[in-house]
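K.L.:
generate coordinates for the sequence data below:
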Amino acid sequence: MSLIAIVVVAVGALGLTLASGKHPKLGLDLQGGVSVVLRPDHPVSSGVLGQAQSIISRRVNGLGISEPNITRQGGTILVELAGVRDPDTALKLVGQTAELLFRPVLQTLPPQGPTPATTTTAPGASTTTAPGSTTTAPATSTTKAGALGAGTTLSTRLASFSSQATPATTAVPAAPAPISPDQTGNLPSSPPAQANDPAQTVVLPQVDSSGNVAARYLLGPAELTGRIVSTAIAQPPTIGGNWAVEINFTDSGSAAWDNMAGKYVNKQIAIVLDGVVKSAPTIQTAHFNGRAQITGSFSQHEAQDLALVLRYGALPVQLSAESIQEVSATLGKDSLHAGVVAGILGLALVMLYMIFYYRALGIVVVLGLGVSAMLLWSIISLVGTVLTLAGVTGIIVSIGVTVDSYVVYFERLKDELRAGKTVRSSVDRGFARAYRTILAADFVSFCAAAILWVLAIGSVRGFAFFLGLSTILDVITAYLFTRPMVTMLGRNRVFTEARFLGVARGLAASPTGGTV
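P.N.:
Got it, this is the predicted structure:
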């Protein structure tokens, strides 16, 4: 039964993988990608740089990129991204290394034109209906339709009623040295660093998905930073609704947020990162109880990006992109091609030798390697593990580990036959004793791979991962495939006594027992 089960699982998994169109994701060295070197603007301790590396890792992983390579090199952080569908988006998020700020909106400005510095009429606020409520009101906004965060609102998810805000005329103080537009009246889409001074009143842009300035905001000094946010998750739309972003605050951040919200009910709070307004929702209530929700005309992509910014926007140090380069996969592909050719030739020679030396049992080796290969391919493809050149090396090395397991078993069978046992009676007894040796050898190999995985960085971890995975598969296939397969052949006289491929001939034994 175990023989049939593992074959069905292996073939079924491979069929499912091929039918779904999935295949192993190639790493940076095999398919190319983007490499970014980030350097602190001023000297920092190793601990601070390590914290920044950890936050960047979580931010990039939030994009769905499998196994990005994010390492420290001296006083810099190296970010290597492979298999990225949208490199521009990934680079944009990696480059957003400044601290997340929450600033009150003093005035909404058009995308182009002069920058007033006195009074304004606040944009019409909109109403968000919390779960369980029935009252709604149409939303209005002065920002361009389709811009990220246009017309968004911020509401408590736990409220039992919805509060409707009304347009209000608000006098704002004169802006101390607001940013001046250029000669064409446009505000630069990437303001200089001093433009986002947390202690100053500034004018910052809001950029749409095409990179164009959709709106500008006159913003007051920062009230809070991104450290108040515990988690932020993009929520799928309900029937007739849009995507939303749910925010959970930290214990101390909840009180700080409520304190700020009490001052700005029915007014906008801008979420600012790297001198760009990511969203400017309207506060709907003064009490949030540690949880809030940003709603509006979000697309899925916009909601997920905003959630990423809220979760991982705060870094302990300002980082600047020292270099950004696209990495060609030519060298990696050439190396992969050469490695695959060498692996196939080596594997073919090993298989031919095993068949020549062990006859029918050599065919068991070939079939067993095929079952392991189908399982390995399916796992790599379905799980989405990134395959690098080092990983390919680990797989090739693991073939030797697997073949060693077969040799241990077959040589144990020879020992049983020398003791006067028949082939039929030796297969089970021989496997029981050989399997202990196989387990010991595979355990040592797995421990080596695990230690290498923990201590190593970069592509070396790929080598360790695939070596460890292949070792586990070797233990499984040895028990579920090799044992019953050899037992079936050893108990069938057709296979045992065959002239050229007989099991007895491969073990240098006579069909009735003993060696020849």
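K.L.:
lowest confidence element among the helices and strands of this protein?
P.N.:
The helix or strand of the chain with the poorest confidence is strand 169-170; it has a mean of 30 (mean pLDDT, DSSP states H and E).
K.L.:
elements contacting the helix or strand just after that strand?
P.N.:
Using DSSP states H and E, the helix or strand that follows strand 169-170 in sequence is strand 202-207. If contacts are counted by 3 or more CB pairs under 8 Å, 6 or more residues apart in numbering; DSSP states H and E, strand 202-207 sits against strand 213-219, strand 276-279. C-beta coordinates here come from the backbone N, C-alpha and C atoms, glycine included.
K.L.:
so which of the ones you listed comes closest to Val475?
P.N.:
Val475 lies closest, by CB to CB, to one member of the helices and strands packed on strand 202-207: strand 276-279, at 49.5 Å.
K.L.:
could you list every helix and strand in contact with the closest one?
P.N.:
Using 3+ CB pairs under 8 Å, 6+ apart, strand 276-279 sits against strand 202-207, strand 213-219, strand 269-273, helix 300-312.
K.L.:
which regions of the stretch 301-450 of the chain lie under the pLDDT threshold?
P.N.:
The stretch 301-450 of the chain contains residues with pLDDT under 70 at 312-316, 327-333, 335-336.
K.L.:
the helices in it, which residues?
P.N.:
Taking DSSP state H, counting those that start in this stretch as the test, the helices found in the stretch 301-450 of the chain are 330-358, 360-383, 389-418, 423-455.
K.L.:
quick one: closest of these to Ala303.
P.N.:
Closest among the helices of the stretch 301-450 of the chain, using CB to CB: helix 360-383, at 26.2 Å.
K.L.:
can you pull the pLDDT of Asp258?
P.N.:
As predicted, Asp258 sits at a pLDDT of 91.
K.L.:
surely it and Thr285 touch.
P.N.:
No. Counting by CB atoms under 8 Å, Thr285 is not a contact partner of Asp258; they are 9.3 Å apart.
K.L.:
these two: which is more packed in?
P.N.:
Neighbours per residue (other CB atoms under 10 Å) separate Asp258 from Thr285, with Thr285 holding more: 23 against 18.
K.L.:
and the more buried one, which of the three is it?
P.N.:
With DSSP: H, G, I helix; E, B strand; the rest coil as the basis, the three-state label of Thr285 is coil.
K.L.:
report pLDDT for it.
P.N.:
Reported pLDDT for Thr285: 87.
K.L.:
wait, doesn't it sit right on Ala261?
P.N.:
Yes. The criterion here is CB under 8 Å, and Thr285 meets it with Ala261 at 7.0 Å.
K.L.:
one step back: can you list the helices of the stretch 301-450 of the chain in TSV and add mean neighbour count and distance to Ser279?
P.N.:
Shown next, in TSV, are the helices of the stretch 301-450 of the chain (neighbours: other CB atoms under 10 Å; distance: least, CB to CB, whole Å):
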stretch	mean neighbour count	distance to Ser279
helix 330-358	14	39
helix 360-383	20	34
helix 389-418	20	40
helix 423-455	17	39
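K.L.:
out of the ones you listed, nearest to Ile4?
P.N.:
helix 360-383 (11.9 Å).
K.L.:
who are the packing partners of that closest one?
P.N.:
Applying 3+ CB pairs under 8 Å, 6+ apart, one finds that helix 360-383 contacts helix 2-19, helix 330-358, helix 389-418, helix 459-477, helix 483-490, helix 503-506.
K.L.:
for Val403, which non-adjacent residue is closest in space?
P.N.:
Sequence neighbours aside, Val350 is the residue nearest to Val403 in space, at 6.1 Å (criterion: CB to CB, 6 or more residues apart in numbering).
K.L.:
over to Gln325?
P.N.:
Excluding the flanking residues, the one nearest Gln325 by CB to CB, 6+ apart is Ser35, at 5.4 Å.
K.L.:
please name the bridge partners of that neighbour.
P.N.:
Glu80, Gln325 (DSSP bridges).
K.L.:
no more questions from me, cheers.
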